Each structure stands twice: as structure tokens, then as C-alpha cells.
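Participant: Turn this into a model:
(one chain, ligands or ions: 1)
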Amino acid sequence: MNPLAVALNKQIESSIIGRLLSDMGSRMFFPKGIVAQSSEAAKRADRFNATVGMAYSQKKPMILDSLQRLIPSLASKEAVAYAPTAGQPVLRETWKKMLVEKNPTLKNFNLYLPIVTAGITHGVSVLIDLFANESDTVIIPDMYWGNYRLMLSERRKAKIESFPFYTESDGFNITALDTVLGRHTEKVIVMLNFPNNPTGYSPTLEEASSLTAVLKKHADRGLNMLVILDDAYFGFFYEKEVMTESLFAPLSQAHKNILAVKADGITKEDFAWGLRVGFLTYGSKNMCQEEYEVLEKKTMGAIRSSVSNISNLSQNLMMKVYNDPKYMTEQQEHVRLLQRRYERVRAILADKPTTTLTPLPFNSGYFMAFRIRAGLGEALRNALLEKGIGIIAVNDDIVRISFASVDEDQLAKLYDDIYATAERLS
Ligand SMILES: Cc1ncc(COP(=O)(O)O)c(C=O)c1O
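Facilitator: Numbers count the residues shown, from 1 in each chain. All right, here's what the predicted structure looks like:
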């Protein structure tokens, strides 16, 4: 193993990080190569800086005029230069500040700086590389984003253990989570995604506190847990009983055997899906600065060895957006627009029969899902395609409707067609 990795591992051998890292995570470090040497040179080489693989002219990165004309408000350094591996420091500080504003429970927590990733998928993938070994178990409720399967089972050969998402009374099934956790003694990874894809469900305040209590109970008996909070749809909460803070807020301060990580980003929250900027924020009770720095270096190693660094253009554009006094108003207007679509869908469903299509409980996010007769998922999807309507068949008895992607005045027609088609097929 590289001596730099050995030194990092020594610093965290008695902490939760040491107990959770995968073999790859143990091997990770941030090399003192080109990136580290050129960042040293950026501070000290005031005569000639001949380090980095970028072309400069008059101390500015070269840029094609045809490109610069498209982005007049950005200097070439902001548009085409490489970004630091962990992300632009100002953007990291800004995201951290916004995290605390959106999650007031973090106010007195010594929150470490978020690390920039190329979107949330990349963030989750980096976490899986760092923490999941081939035979490790990842616990996920049985309604989950399909890409997790690709990342966990196919990419890392980890073992997915799922539990029923809902209770019989249509709440989040904390008892089932408790039971699955009870089967493990040393290490598990738990993946939670709220607002959820595909169901559009987020826990109520009461469920969020029971969930935290259950995880703490298992931490108390010595189970080491990495809890990944995929907060892709954070902020789209439409009912007053729903927990509007991330579960990261309580879990990061819950127990020394719980390492919580918030994977989030601008993708859905700031309506910038293709700009590819996400964040990983680590938190664990009583974890010290030195340990967070080790985690940061290992995460930087995983980034450097996969995508190297994240679009500087996207990061700098978002920095300018966050400095714009109109940002908050514009963002909230978009959220309210989705809220109105949610309310419209609720009103439409209130008038429909529940025989062929059973809506699963939903209260947040971009989606809602129907349970349908087993075997009908693909048939319904195909029949709707014939009518020029696209929906997702999550599996043979669940279909997902993205109300976020259909204008409010079109929703009634969309649902009428879905219901009529489902009736015809059943
Ligand atoms: C739960 C969940 N996580 C992550 C993502 C993807 O995020 P990103 O585009 O930032 O990789 C999605 C997008 O569909 C999602 O539904």
C-alpha cells in the first residue's frame, strides 16, 4: 500500500472511518503529484509557473474567442481552467452555509466543508467505492432508484438487502428497517432517499425521529453504519407534517458508530440537471477535524482517479447564481410551481376510483407512483406510448408518473388517459 495511504489509515484506525472503509477506501490517498505540486506553485511560484497541463497566455488560461463570446460574464480562468479536486472553495463554503440555513438543527454542529462531485450519482458512486466491499450489505427500502442496483450490485458486487418501504397503514416502515438491521453485527451501509424516487414519499417528523432512534439503538449495540442520505429532491416538501430537514441533520450528530453522508446537489434543487454539480458532506458525532481531513483526502483520491475534477464552468456559474439577489425568489417560485402540480394531482386522484390503480402515499418530490395488478407494468407503459404518453414501469406492478415534467393544465388529461388505459387492460 502507498505510504501516504498507510499514514492516512493510521490517523483513523480507531475511528468509525477505519471501521467502515472498503479495501479500495483503505488504499485511497491524495497523491503529491501534479495537482498538489501545482497548487503549491500557485501560492509560491511568482516568477514562472510551469507546472500544470493548461496553456496560458499573459498569465491567463487561453480560451477560444468563439467560446468566450458565449460566456461574456466569466473570465477565462472561471470558464476553462481546471477546478480544484475537492471543488471551488467559495462554492463549498456557500453550499455549507446554505445547508445550515435549510437544516437549522445543524446550527451548533461543527460541519465540515462539502466536497464537490460531478452530480449526485457520482457522489454516491464515490461513496460506494470508498466504503463498500464485494460482499458488504447495503440496506435499502424496496422502492429505490434503479441506478442504485447498477452501482451497488453490478459495479461493486455489494449485496442489496431490502425491506418493505411502507407499513400497512401507509407510513415509512421503520419496524422493517429495525428487523433488517438486527441481522447485522459489525458493519452495514444504509441508503435512504427522501423525497423518494419513485414514490414521492418523505417521512413525517414523527417517523424521522423514530428512524433516528432505531439507527441509534443499533449503533449502541456496536453496529457500525454508513448512512447515505441521497437528498437529490431536497426542498420539495408539500405537506406540513413532513420533515423538512434532511435526516443528515439528526444522524450526523446521533452516535459515534454512525457516519452520515449527505449526497445532494444543484441537479434537481436548482433545476440544473446537466451542469453536473453535486456535493458530499460527511458528519459523525464527536469526529475531529483531523479525521474529517482524512475523509476529504480519500474522497479527493476517489475523485482524482475517476473524473479528476468537476466542471469549473458549472461551479463558477452557480457561484454567480448564489450571489444574485434574485436567486432565492426564483428558486422558490419554481418549487411553488411543482407544489401546485402536486396539489392538482391530489385533486385529480380524489375523484378517481382506486380499483385498477392504487396511488402509493406521496407528499414530496417530483413523482408519484401507482401500484397496479402484477404483470401489468410494461403493458400499461406500452399501451400509453401508443397514445403518445410516456411513463416509467418501475417493475411489473409499479408505475411512476413524473408530475414535475408535465404542465399543470395538462395533468387532468394525462391522468384521464392513464386511468382509461389501465381500465381497458385490466
Ligand atoms: C434518487 C436520485 N438520486 C440521484 C439522481 C441523479 O442525480 P444527478 O443527476 O445529480 O447524478 C436521481 C435522478 O434521477 C435520483 O432520482
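
Participant: use CA for all of it now, contacts and neighbours both
Facilitator: Will do.

Participant: In terms of pLDDT, where does the residue of the chain positioned farthest from its centre sit?
Facilitator: No residue in the chain sits farther from the centre than residue 47, which is 42.6 Å out by CA atoms, centre = their mean. For residue 47, the pLDDT comes out at 88.

Participant: same thing with the one 4 residues further on?
Facilitator: Predicted confidence (pLDDT) at residue 51: the value is 86.

Participant: What about it, how many residues nearby?
Facilitator: 15 (other CA atoms under 10 Å).

Participant: same deal with residue 306?
Facilitator: 11.

Participant: likewise residue 391?
Facilitator: 17.

Participant: How about the contacts made by it?
Facilitator: With contact taken as CA atoms under 8 Å, 6 or more residues apart in numbering, residue 391 is in contact with 381, 384, 399, 400, 401, 402.

Participant: What residues does the stretch 201-350 of the chain have near the ligand?
Facilitator: 230, 232, 267, 273, 278 (CA under 6 Å from any ligand atom).

Participant: and of the contacts of residue 391, the nearest to the ligand?
Facilitator: Nearest to the ligand among the contacts of residue 391: residue 402, at 10.7 Å, using CA to the nearest ligand atom.

Participant: Which strand residues bridge the closest one?
Facilitator: residue 367 (DSSP bridges).

Participant: Tell me the pLDDT of it.
Facilitator: Reading off the model, residue 402 has pLDDT 98.

Participant: And the pLDDT at the residue nearest to residue 109 when sequence neighbours are not counted?
Facilitator: Residue nearest to residue 109 in three dimensions, not counting chain neighbours: residue 253, with 7.5 Å by CA to CA, 6 or more residues apart in numbering. Residue 253 is assigned a predicted lDDT (pLDDT) of 97.

Participant: Neighbours of residue 253, how many?
Facilitator: Around residue 253 there are 20 residues (other CA under 10 Å).

Participant: what's the distance between it and residue 79?
Facilitator: 38 Å (CA to CA, to the nearest Å).

Participant: cool, and residue 275?
Facilitator: When residue 275 is compared with residue 79 (using CA to CA), they lie 13 Å apart.

Participant: for residue 298, same thing?
Facilitator: Residue 298 is 27 Å from residue 79, by CA to CA.

Participant: Please identify which of the two sits among more neighbours.
Facilitator: Applying other CA under 10 Å to residue 298 and residue 79 shows that residue 298 carries more neighbours, namely 26 against 23.

Participant: how distant is the one helix or strand the more buried one maps to from the center of its chain?
Facilitator: According to DSSP states H and E, residue 298 maps onto helix 289-304. Relative to its parent chain, helix 289-304 has a centroid offset of 18 Å by CA atoms, centre = their mean, to the nearest Å.

Participant: Repeat that for stretch 150-167.
Facilitator: So, by CA atoms, centre = their mean, the centroid of stretch 150-167 is 16 Å from its chain's centroid.

Participant: Now do the strands in the protein.
Facilitator: With strands called from DSSP state E, the chain shows them at 56-57, 60-61, 115-117, 137-141, 159-163, 187-193, 224-230, 258-265, 278-283, 358-359, 367-371, 392-395, 398-402.

Participant: was I right about residue 194 contacting residue 228?
Facilitator: No: counting by CA atoms under 8 Å, residue 194 does not reach residue 228; the two are 11.0 Å apart.

Participant: Number of residues surrounding the closest residue to residue 418 other than its chain neighbours?
Facilitator: Excluding the flanking residues, the one nearest residue 418 by CA to CA, 6+ apart is residue 384, at 7.0 Å. Using other CA under 10 Å, residue 384 has 19 neighbouring residues.

Participant: go on, the one 4 residues further on?
Facilitator: A count of nearby residues for residue 388, using other CA under 10 Å, gives 8.

Participant: and it, what are its phi and psi?
Facilitator: Taking degrees, to the nearest 10, you get phi 80, psi 20 for the backbone angles of residue 388.

Participant: From the rest of the structure, what touches the worst-scoring helix or strand of the chain on mean pLDDT?
Facilitator: Least confident helix or strand of the chain, by mean pLDDT, DSSP states H and E, is helix 34-44 with a mean of 83. Outside helix 34-44, the residues within contact range by CA under 8 Å, 6+ apart are 49, 51, 52, 85.
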